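> From the sequence below, what's the structure:
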Amino acid sequence: MRSYDLIVIGVGPAGVKGAALAARFGKNVAVIQSEVVPGGACVNTGTIPSKTLRESALHLSGFKQRGLYNFEVNLHKDVNDISVNDFLEHKSVVCEKEWDMIEEAFRWNGIERYRGTGSFVSPHEIKVVSSGRDITLHGEVILIATGSSSFLPPDIPFDNDNVYDSDTILDLDRIPSSMAVIGAGVIGCEYASIFAALGVKVTLIDGRTELLSNIDREAVDVLLRQMKNRLHIDLMLGTQVEKVHPEGNDVTLQLSSGQNLVVDKVLVAAGRRSNTGNLNLDNAGVKTGERGILPVDETYATNVPHIYAAGDVIGFPALASTSMEQARVAVVKAFELPYDDKLAPLLPFGIYTIPELSMVGKTEEECQKENIDYEVGRAYYRNNARGQIIGDTAGMLKLVFDPIDHKILGIHIVGENASDLLHIGTMVMQLDGTIDTFVRTVFNYPTLGDLYKGAAEDGLHRLSRLEHQKDIVMQSADQFERRYAEHEKV
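Here you go, the predicted model:
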């Protein structure tokens, strides 16, 4: 039996990060990889492919150019002119580059890799099964980073060639003329935007009546208008899909409204479930929760102290960025490394719809619910020179801040490059800065970064107007009291 300081099960963002960090500090590390290529869902079926497909769709359709002129500009006039190879080619190039970088990290750090399916024999022993051969490994510390996969509702015929989930959509055989996306969460909204940009007639269906409920409502309203008016997505919120019936080259959806919807393809984005079913966690005494999620403490340790878990396998927020940081914290804690063993307090979110949405911190709605006094400042892409240049006149940057000390409570951006633009404000928040920082900062011109200055100035102007209104009210009250006093004397 081979022994290691750390065994990592899974080679997605969390697994790669955790293994590389431990190896850099001299630990003997092994990783167990069940797939043919490394990277997990992030590189192979999720984050990287979907974001790459978004850029391919924008490029192939000429969508970005449509805002620059008073007429439609399309590189391809008909959706049938765009082949699946056109659509997926760039994705393949990007994924291959990611595989190469992960392979190089393993070689450079001397990480041993076992290809096969890993499962617990005991709390410290992992059996790896590959092509009928078994090998058992011993690990002082074990990190579970097996990620997640699409949740497949049992009443939907996924064995049909025209019905896809968010993993299998990459196996699309052709660009359809119409598509129904069931589930208006982050993944559903992203793919609905991507295919609509290609000219596909998209219907987005969800039983919930509110889109992206954890995102600032004002930013979501901007997204909704763009999805309806610019992408021509048919939104059917508050509607349940009661039956999915494939027939020939079409799929018929029976809806709770009584309507039947006939489309070429169906994409089901019904959420994710943790990949823990084959780990034999009972042999290690590790507890699981709903949909296989592993409960962990603030150091990402499970109920078994030497067994840690990070990434999608522990549930929300299930982002590549946070997954890597969770693994870093777990490894730092497990081996008492000289790093900060706490996750950053600010976790940014990026939603790669068209337009992009990105946020960090509190929303207006959260401030209201928690009785936090706040004010807002807004800047619009249409009033920004760079926004005009790139043709994005619908975007918005919004600052939520404390009206007393001007500390930033939240940042919400909808528009081109929102996920990159957010980091400017995130760093100011991380350093406990205020909106005055943006006013005092010189930004390149013309840039979208200058939106921060505009939003800060708007916020300060709103405060000054409120103070002026208060002064008027106070003066009026004083005048009333004086007149009342004089009246009493008379």
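> check contacts around Arg174.
Val84 (CB atoms under 8 Å, 6 or more residues apart in numbering). The way it works is simple: take the backbone N, C-alpha and C, and place the C-beta from them, glycine included.
> Show the pLDDT at it.
With respect to pLDDT, Arg174 scores 86.
> wait, is it part of a helix?
No. Under the criterion used here (DSSP: H, G, I helix; E, B strand; the rest coil), Arg174 is coil, not part of a helix.
> I'd like to know how far it sits from Asn85.
11 Å (CB to CB, to the nearest Å).
> cool, Asn229 as well?
Taken as CB to CB, the span from Asn229 to Asn85 is 31 Å.
> Over to Ile205?
Distance from Ile205 to Asn85, by CB to CB: 29 Å.
> Between the two, which has more neighbouring residues?
Ile205 (24 against 8; other CB atoms under 10 Å).
> Please tell me how far that one sits from Gly188.
Applying CB to CB, the value for Ile205 to Gly188 is 9 Å.
> Need the overlap of contacts for these two.
Shared contacts of Ile205 and Gly188, defined by CB under 8 Å, 6+ apart, are found at 181-182.
> dump the residue contacts of the spatially closest residue to Leu137 that is not a sequence neighbour.
Sequence neighbours aside, Ile126 is the residue nearest to Leu137 in space, at 4.9 Å (criterion: CB to CB, 6 or more residues apart in numbering). Shown in contact with Ile126 (CB under 8 Å, 6+ apart): 7, 9, 32, 118-120, 136-139, 142.
> Rebuild the residues you listed as TSV, extending it with secondary structure, pLDDT and neighbour count.
Shown next, in TSV, are those (DSSP: H, G, I helix; E, B strand; the rest coil; pLDDT from 0 to 100; neighbours: other CB atoms under 10 Å):
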residue	secondary structure	pLDDT	neighbour count
Ile7	strand	98	29
Ile9	strand	97	29
Ile32	strand	96	26
Gly118	strand	95	26
Ser119	strand	96	18
Phe120	strand	97	22
Thr136	strand	95	12
Leu137	strand	97	21
His138	strand	97	16
Gly139	strand	97	23
Ile142	strand	98	28
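> what lines up beside the helix or strand that contains the residue nearest to Leu137 in the sheet?
If you go by DSSP states H and E, Ile126 is part of strand 125-130. Partners of strand 125-130 in the sheet, by DSSP bridges, are strand 117-122 (antiparallel), strand 133-144 (antiparallel).
> now it, how far from the centre of its chain.
How far strand 125-130 lies from its chain's middle: 32 Å, per CA atoms, centre = their mean, to the nearest Å.
> and what of stretch 30-49?
17 Å.
> What of stretch 239-254?
Worked out by CA atoms, centre = their mean, stretch 239-254 lies 29 Å from the chain centre.
> Do me a favour and get the end-to-end distance for that stretch?
End-to-end span of stretch 239-254 (CA to CA, to the nearest Å): 10 Å.
> What segments of the stretch 201-350 of the chain are strands?
201-206, 234-237, 241-247, 250-255, 260-263, 265-268, 272-274, 307-309, 349-351 (DSSP state E, counting those that start in this stretch).
> Give me whichever of these is most buried.
strand 307-309 (a mean of 28; mean count of other CB atoms under 10 Å).
> Below-threshold pLDDT in the stretch 251-400 of the chain: ranges please.
In the prediction, the stretch 251-400 of the chain carries no residues with pLDDT under 70.
> can you map out the helices along it?
Listed in chain order, the helices found in the stretch 251-400 of the chain under DSSP state H, counting those that start in this stretch are 320-335, 364-369, 385-390.
> Give the other helices and strands that the longest one contacts.
For helix 320-335, the helices and strands in contact under the criterion 3 or more CB pairs under 8 Å, 6 or more residues apart in numbering; DSSP states H and E are strand 2-9, helix 13-24, strand 133-144, strand 307-309.
> same thing but 7 Å
helix 13-24, strand 133-144 (3 or more CB pairs under 7 Å, 6 or more residues apart in numbering; DSSP states H and E).
> Any chance of CSV for these, columns distance to Asn278?
Listed next are the helices and strands packed on helix 320-335 as CSV, based on distance: least, CB to CB, whole Å:
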stretch, distance to Asn278
helix 13-24, 16
strand 133-144, 12
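> and of the strands of the stretch 201-350 of the chain, who's closest to Thr52?
Closest to Thr52 of the strands of the stretch 201-350 of the chain, according to CB to CB: strand 349-351, at 14.4 Å.
> helices or strands next to that closest one in the packing?
The contact analysis (3+ CB pairs under 7 Å, 6+ apart) places strand 349-351 against helix 186-197, strand 357-361.
> which residues touch it?
186, 189-190, 356-359, 419 (CB atoms under 7 Å, 6 or more residues apart in numbering).
> and if we set it to 6 Å?
186, 357-359, 419 (CB atoms under 6 Å, 6 or more residues apart in numbering).
> before we move on, the earlier item: between the strands of the stretch 201-350 of the chain, which one is closest to Cys42.
Among the strands of the stretch 201-350 of the chain, strand 272-274 comes nearest to Cys42, with 12.3 Å by CB to CB.
> Show me what that closest one pairs with in its sheet, parallel or antiparallel.
strand 148-150 (antiparallel).
> Just after the partner strand, pick out the following helix or strand.
Trace forward from strand 148-150 with DSSP H and E and the next one is strand 163-165.
> Show me the strands paired with that next one, marking each as parallel or antiparallel.
With DSSP bridges as the test, strand 163-165 is paired with strand 265-268 (parallel).
> May I have the strand holding Ile126 exported as CSV, CA atoms only?
The C-alpha trace of strand 125-130 is given here as CSV (Å, rounded to 0.1, in the frame of the first residue of the first chain):
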residue,chain,number,x,y,z
GLU,A,125,-7.7,4.2,2.9
ILE,A,126,-8.9,4.8,-0.7
LYS,A,127,-9.4,2.1,-3.3
VAL,A,128,-8.8,3.1,-6.9
VAL,A,129,-10.5,1.0,-9.5
SER,A,130,-9.3,1.3,-13.1
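> Can you list the buried residues in that strand?
By 16 or more other CB atoms under 10 Å, the buried positions in strand 125-130 come out as 125-128.
> Kindly provide the distance from Gly459 to Ile187.
Taken as CB to CB, the span from Gly459 to Ile187 is 33 Å.
> between these two, which one's more packed in?
A direct count of neighbours by other CB under 10 Å for Gly459 and Ile187 places Gly459 higher, at 26 against 22.
> who touches that one in this structure?
375, 377, 399, 435.
> For Gln33, see how far away the second one is.
To tie it back to what came earlier, the one meant is Gly377. Taken as CB to CB, the span from Gly377 to Gln33 is 48 Å.
> Ok, the last one next?
Summarising the geometry, the distance separating Ile435 from Gln33, computed by CB to CB, is 46 Å.
> Could I get the helices and strands packed on strand 349-351 in TSV, plus columns for distance to Gly277?
Shown next, in TSV, are the helices and strands packed on strand 349-351 (distance: least, CB to CB, whole Å):
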stretch	distance to Gly277
helix 186-197	21
strand 357-361	33
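> what's the least confident stretch among those?
helix 186-197 (a mean of 94).
> and it with strand 357-361, angle?
On the basis of axes from the mean of the first three to the mean of the last three CA atoms, to 10 degrees, helix 186-197 is oriented at 150 degrees to strand 357-361.
> Output the contacting helices and strands for helix 186-197.
helix 47-61, strand 178-182, strand 201-206 (3 or more CB pairs under 6 Å, 6 or more residues apart in numbering; DSSP states H and E).
> Could you name the helices and strands sitting against the last one?
The elements that strand 201-206 packs onto, with contact taken as 3+ CB pairs under 6 Å, 6+ apart, are strand 178-182, helix 186-197, strand 234-237.
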